[in-house]
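A.B. asks: have a look at this fold, sequence not included:
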Ligand SMILES: Nc1ncnc2c1ncn2[C@@H]1O[C@H](COP(=O)(O)OP(=O)(O)OP(=O)(O)O)[C@@H](O)[C@H]1O
Ligand SMILES: O=C(O)[C@H](O)COP(=O)(O)O
């Protein structure tokens, strides 16, 4: 980035009046077809901003990181005359089996809004809409017009919509989605996507781009630049993938397998893998998922990339870590046909097994999308994992995922804060998204990112001067020189 000098866009480096420093960021590395927020005309525009503030557990924020990294985009919008309407999803309120939406208070946006108000000292209004039993909110009704009026006249600093997944149209693929998207589009002049973690193509992340001029937010830009480093890792490359989202992560996992030198599994994914490998049953693991995992087991017979964590924790109850009700079991004792109760963690001693320890200590790149155990009670495996990874001081370490970061912070607060400022660590806001990028092989092939490029074509933004990153700006230029 060229230094800023008054009345000049660079060149007179020795002139120290109003000089600014290089922050090491350069959005010109991004695909030039991307419509960047910096090049949008925002003056007096209502801006619909989709973020990933999915940080609420039981009504409380455990880690504000995902909110904090979007503040730059919010500031940018407001500083350039835009009026923000913000939206995020929280949790997974839509039950795929019963097709119902549960609107629980502890999955509301309220704690995020309270946090933003405390942090920014401005007022946000959260509109309330009528919901139909377990079908969620059907419509954004016209009562919101009052709030938009107050937003435009600066009586309020922003509007924050209810959890997007409380709307019947958010995850729908038909008529409900179309109605919701048109209603959303009717609220604003411009749409900005800054929700890197929310890679799933839903109404508020994807379909909305059909109707509004759409741009890529600043957090998304940073994340897309860094994800390239995981796509082209220094070898040996070790990945650790664990957690509960088996349904959306099993697909990308297969692609991930091809890219890594070694892979460690944990959580539900590992339980499923163990069932497929040893022919055992573990409570909570579906037979259909075991069938899918068999492919990976077969593949690994040749490639031998999966590093087995041989000591795992079985519990009789999911209620907690209750003395006498949990125990460490060993994969070497598994016999086909055996049944086990819930497996909810790896025993920390698994990370001391020479093959595992040496692989982690010898890696040049480590990617972590992993909460090894069922939180908050079964945290010992994750804690040990973080320590072993940190003991490798030379590797480039990438952590990604809402819960992954949240647990990293709560188990090792000092290390987490050091990691935020360390050149050896990068923290991604979305773990599933990084897996998806590795599956696609290109960050610009994510559906939501492609939709932004398509939108730029549809709405006729053209690179302005062949410098690779300019879009027509109606004569207005951003003060952000990137
Ligand atoms: N064996 C297990 N059984 C059930 N839940 C588990 C188990 N192991 C871990 N979990 C749960 O998995 C959750 C984390 O997984 P998840 O896939 O949501 O990760 P994440 O870091 O949020 O990534 P992303 O950003 O992709 O969602 C934690 O809440 C943890 O309690
Ligand atoms: O926590 C996350 O990974 C993101 O917010 C995405 O959530 P989802 O997997 O429920 O879409």
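C.D. replies: Great, that's in hand. Predicted model, so just to flag it, every value in this text is computed and none were measured. Residues are numbered from 1 along each chain as shown. Ligands and ions are numbered 1, 2, ... in the order given.

A.B. asks: how is the chain divided into domains?
C.D. replies: The chain is divided into the following domains under automatic domain parsing: 31-224+446-458, 232-440.

A.B. asks: could you dump those to TSV with distance to ligand 1, mean pLDDT and mean neighbour count?
C.D. replies: Heads up, the C-betas are built off the backbone N, CA and C, glycines and all. Shown next, in TSV, are those (distance: least, Cβ to the nearest ligand atom, whole Å; pLDDT from 0 to 100; neighbours: other Cβ atoms under 10 Å):
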stretch	distance to ligand 1	mean pLDDT	mean neighbour count
domain 31-224+446-458	5	96	19
domain 232-440	2	95	19
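
A.B. asks: to residue 25, which of those lies closest?
C.D. replies: When the domains of the chain are compared by Cβ to Cβ, domain 31-224+446-458 sits nearest residue 25, at 6.8 Å.

A.B. asks: next, the distance between the ends of that closest one.
C.D. replies: Terminal residues of domain 31-224+446-458 are spaced 17 Å apart (Cα to Cα, to the nearest Å).

A.B. asks: next one: it to chain centre, how far?
C.D. replies: Offset of domain 31-224+446-458 from its chain centre (Cα atoms, centre = their mean, to the nearest Å): 14 Å.

A.B. asks: give me the residue from the stretch 101-250 of the chain nearest ligand 2.
C.D. replies: At 3.8 Å from ligand 2, residue 197 is the closest residue in the stretch 101-250 of the chain, using Cβ to the nearest ligand atom.

A.B. asks: now do the same for that residue: helix, strand or coil?
C.D. replies: Per DSSP: H, G, I helix; E, B strand; the rest coil, the secondary structure class of residue 197 is coil.

A.B. asks: spell out which parts of the chain neighbour ligand 2.
C.D. replies: Selection of the chain residues close to ligand 2 by Cβ under 6 Å from any ligand atom yields 52, 54, 92, 197, 198, 200, 245, 248, 401, 402, 430, 432.

A.B. asks: please repeat the previous calculation with a cut-off of 5 Å.
C.D. replies: Within reach of ligand 2 by Cβ under 5 Å from any ligand atom, the chain has these residues: 52, 54, 92, 197, 200, 402, 432.

A.B. asks: the third one and residue 164 touch, don't they?
C.D. replies: So that's residue 92. No. With contacts counted by Cβ atoms under 8 Å, residue 92 stays clear of residue 164, the gap being 11.8 Å.

A.B. asks: check the offset of stretch 332-340 from the chain's centre.
C.D. replies: Relative to its chain's centre, stretch 332-340 lies at 36 Å (Cα atoms, centre = their mean).

A.B. asks: typed the wrong thing, it's stretch 398-416
C.D. replies: Relative to its parent chain, stretch 398-416 has a centroid offset of 13 Å by Cα atoms, centre = their mean.

A.B. asks: what are the contacting residues of that stretch?
C.D. replies: With contact meaning Cβ atoms under 8 Å, 6 or more residues apart in numbering, stretch 398-416 is reached by 52, 54-55, 57, 62-63, 65-66, 197, 226, 229-230, 243, 365-371, 375, 379, 382-383, 386-387, 390, 419, 425-434.

A.B. asks: sorry, back to before: spell out which residues sit in contact with the residue of the stretch 101-250 of the chain closest to ligand 2, please.
C.D. replies: Contact analysis of residue 197 by Cβ under 8 Å, 6+ apart lists 52, 54, 66, 401, 402, 429, 430, 431, 432, 433.

A.B. asks: go again using 6 Å as the cut-off
C.D. replies: By Cβ atoms under 6 Å, 6 or more residues apart in numbering, the residues touching residue 197 are 52, 429, 430, 433.

A.B. asks: of the residues you listed, closest to residue 109?
C.D. replies: Nearest member of the contacts of residue 197 to residue 109, counting by Cβ to Cβ, is residue 52, at 12.2 Å.

A.B. asks: surely the closest one is in contact with residue 194?
C.D. replies: No. At 7.9 Å, residue 52 does not count as touching residue 194 under the criterion of Cβ atoms under 6 Å.

A.B. asks: what segments of the stretch 1-150 of the chain are helices?
C.D. replies: Under the criterion DSSP state H, counting those that start in this stretch, helices of the stretch 1-150 of the chain are mapped to 65-68, 71-79, 110-120, 144-152.

A.B. asks: state whether residue 223 is indeed within a helix.
C.D. replies: Yes. Assessed with three-state DSSP, residue 223 lies in a helix.

A.B. asks: residue contacts, it?
C.D. replies: 196, 428.

A.B. asks: go again using 8 Å as the cut-off
C.D. replies: 196, 428, 429, 430, 433.

A.B. asks: residue 134 touches residue 104, doesn't it?
C.D. replies: No. Residue 134 is not in contact with residue 104 according to Cβ under 8 Å; the separation is 11.7 Å.

A.B. asks: and the pLDDT for residue 471?
C.D. replies: Note on residue 471: pLDDT of 40.

A.B. asks: same thing with the one 5 residues further on?
C.D. replies: Reading off the per-residue confidence, residue 476 sits at a pLDDT of 34.

A.B. asks: and the strands in the stretch 251-400 of the chain?
C.D. replies: Using DSSP state E, counting those that start in this stretch, the strands of the stretch 251-400 of the chain run over 262-265, 281-282, 311-315, 326-330, 339-340, 342-346, 365-369, 396-400.

A.B. asks: residue 21: which of these is closest?
C.D. replies: Within the strands of the stretch 251-400 of the chain, the stretch nearest residue 21 is strand 396-400; the backing value is 24.0 Å (Cβ to Cβ).

A.B. asks: so that closest one versus strand 365-369, what angle?
C.D. replies: Taking axes from the mean of the first three to the mean of the last three Cα atoms, to 10 degrees, one finds strand 396-400 and strand 365-369 inclined to each other by 10 degrees.

A.B. asks: okay, helices next: where are they in the stretch 151-300 of the chain?
C.D. replies: 175-185, 218-231, 246-259, 267-278, 287-303.

A.B. asks: show me what the third one is packed against.
C.D. replies: The helices and strands touching helix 246-259, judged by 3 or more Cβ pairs under 8 Å, 6 or more residues apart in numbering; DSSP states H and E, are strand 237-241, helix 267-278, helix 287-303, helix 431-440.

A.B. asks: I'd like those laid out as JSON lines, including distance to residue 123.
C.D. replies: Shown next, in JSON lines, are the helices and strands packed on helix 246-259 (distance: least, Cβ to Cβ, whole Å):
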{"stretch": "strand 237-241", "distance to residue 123": "41"}
{"stretch": "helix 267-278", "distance to residue 123": "40"}
{"stretch": "helix 287-303", "distance to residue 123": "46"}
{"stretch": "helix 431-440", "distance to residue 123": "32"}
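
A.B. asks: residue 18 is nearest to which of these?
C.D. replies: Proximity to residue 18 (Cβ to Cβ) singles out helix 431-440 among the helices and strands packed on helix 246-259, at 37.7 Å.
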